[in-house]
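Asker: let me see the structure of the following:
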Amino acid sequence: MSAFLLYILKVALLTAVFVLLYHLLLRRDTFHRTARIVLVSPLTDYQRSRREKYFRRKK
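Answerer: Reported below is the predicted structural model:
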């Protein structure tokens, strides 16, 4: 299996797990701020990790 297909499979699986957890844990939550934090935090963590890898490579 090519690396690209393996990447797509991993992304699809992780997205499905994330959506499932969101629906199980936060679907009925009326605190919209909490749901927003849960949805945005993986994005900011990903950006931080990419930034760290970039600067580590530059040194």
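
Asker: list the helices and strands the host helix or strand of Tyr22 packs on?
Answerer: According to DSSP states H and E, Tyr22 maps onto helix 3-26. Judged by 3 or more C-beta pairs under 8 Å, 6 or more residues apart in numbering; DSSP states H and E, helix 3-26 is in contact with helix 32-58. Where you see a C-beta, it was placed from the backbone N, CA and C, and this is true even at glycine.

Asker: check contacts around the residue at minimal distance from the centre of the chain.
Answerer: Nearest to the mean C-alpha position of the chain, counting by C-alpha atoms, centre = their mean, stands Pro42 at 4.2 Å. Shown in contact with Pro42 (C-beta atoms under 8 Å, 6 or more residues apart in numbering): Phe18.

Asker: residues of the worst-scoring helix or strand of the chain on mean pLDDT that come out buried?
Answerer: One helix or strand of the chain scores below all others by mean pLDDT, DSSP states H and E: helix 32-58, with a mean of 72. Across helix 32-58, burial judged by 16 or more other C-beta atoms under 10 Å covers no residue at all.

Asker: how many neighbouring residues does Trp26 have?
Answerer: Residue 26: Leu, not Trp. Look at Leu26: counted by other C-beta atoms under 10 Å, it has 15 neighbours.

Asker: surely it meets Val38?
Answerer: Yes - between Leu26 and Val38 there is a contact under C-beta atoms under 8 Å: 6.1 Å.

Asker: what about Arg28, which SS state?
Answerer: Three-state call for Arg28 (DSSP: H, G, I helix; E, B strand; the rest coil): coil.

Asker: look up how far Ala16 lies from it.
Answerer: Arg28 is 20 Å from Ala16, where distance means C-beta to C-beta, to the nearest Å.

Asker: what do you get for Val40?
Answerer: Per C-beta to C-beta, Val40 is found 19 Å from Ala16.

Asker: swap in Tyr7?
Answerer: Counting by C-beta to C-beta - Tyr7 and Ala16 are separated by 15 Å.

Asker: for Asp29, which non-adjacent residue is closest in space?
Answerer: Leaving aside its sequence neighbours, Asp29 sits nearest to Ala35 (C-beta to C-beta, 6 or more residues apart in numbering; 5.6 Å).
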